[in-house]
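# predicted coordinates and the sequence they were generated for:
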Amino acid sequence: MRMIPVVLFAWVAASAQTIDCLPRPVGSGTALHVSQRDGMTALVWWCDKATHWAPQTVVGTMGVAQMAQAATSLSAADDPLGFAREMLAASSSPLSDALAAFRIEAYWDHAHHKPADPVFVVAANAGRPTRPAYAVADGVRTTRQDGTAQVGSTCACRRQAFIEGRTVYCAFDTTPRVAVCSRQP
């Protein structure tokens, strides 16, 4: 994990980028992948967004001494993610055309490392074989029951999902309806 802070700030100069999460080990490998070319560094990793893995691709340039200083600052930060966001916000260098193109190339170079999206099924319902289903109208989940969903059916959270607190509602068939779904280990 010591290398992550060193490499993480190789892109600090690129201000048109955001960070949703810091890289961390995923499954049997690491979620952090590095590409370098023509003085540019790209980092690709994935953030767990509850229903899927979202890509993070950041690019930029930085010398070895600058990376060491940034790594020291990140390691000492109480809130590393907040510190990383502040570092990006403080940077005034624009994202050049070359960096933007390299960012896309780096993502596609490492896209095969993306973890599989989590599997969701219609959640158990106190021993009942079905769970209430709710229609979706104009991109909003209605609160009135519209049929039922079979407990254990596979959910299509990537297609349609609503996260309300700790409850996840996902599509479970081809109709515009959702039901409470639970993430499988």
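Now that the structure is in, tell me what you want to look at. What you see is a predicted model, and the numbers here were worked out from it, not measured in a lab.
# element containing Tyr107, please.
helix 97-110 (DSSP states H and E).
# could you list the low-pLDDT ranges of the chain?
Low-confidence regions of the chain, defined by pLDDT under 70, span residues 1-17, 22-32, 62-77, 80-94.
# the helices in it, which residues?
3-8, 64-76, 80-90, 97-110 (DSSP state H).
# okay, now Ile19: neighbour count?
19 (other CB atoms under 10 Å). (C-beta placed from N, C-alpha, C; glycine too.)
# thought it was touching Thr57?
No: with contacts counted by CB atoms under 8 Å, Ile19 stays clear of Thr57, the gap being 10.8 Å.
# before we move on, back to that, list the buried ones in the helix holding Tyr107?
99, 102-103, 105-107, 109-110 (16 or more other CB atoms under 10 Å).
# how about those in TSV, adding distance to Ala126?
Below are the buried residues of helix 97-110 laid out as TSV (distance: CB to CB, whole Å):
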residue	distance to Ala126
Leu99	53
Phe102	53
Arg103	48
Glu105	51
Ala106	48
Tyr107	44
Asp109	48
His110	44
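# of those, closest to Ala137?
Tyr107 (34.6 Å; CB to CB).
# what residues are up against the closest one?
For Tyr107, the contacting residues are 44, 55, 57, by CB atoms under 8 Å, 6 or more residues apart in numbering.
# of those, closest to Arg141?
Pro55 (26.4 Å).
# quick one: the closest one from Ala98, how far?
According to CB to CB, to the nearest Å, Pro55 stands 20 Å off from Ala98.
# which residues touch Met40?
Met40 sits in contact with 59-61, 98-99, 102, where contact means CB under 8 Å, 6+ apart.
# list of residues touching the longest strand that the chain contains?
The strand that spans the most residues within the chain, counting by DSSP state E, is strand 140-150. The contact list for strand 140-150 (CB under 8 Å, 6+ apart) reads 122, 129-136, 162, 164, 169, 172-173, 177-179.
# of these, buried ones?
122, 131, 133-136, 162, 169, 172-173, 177-179.
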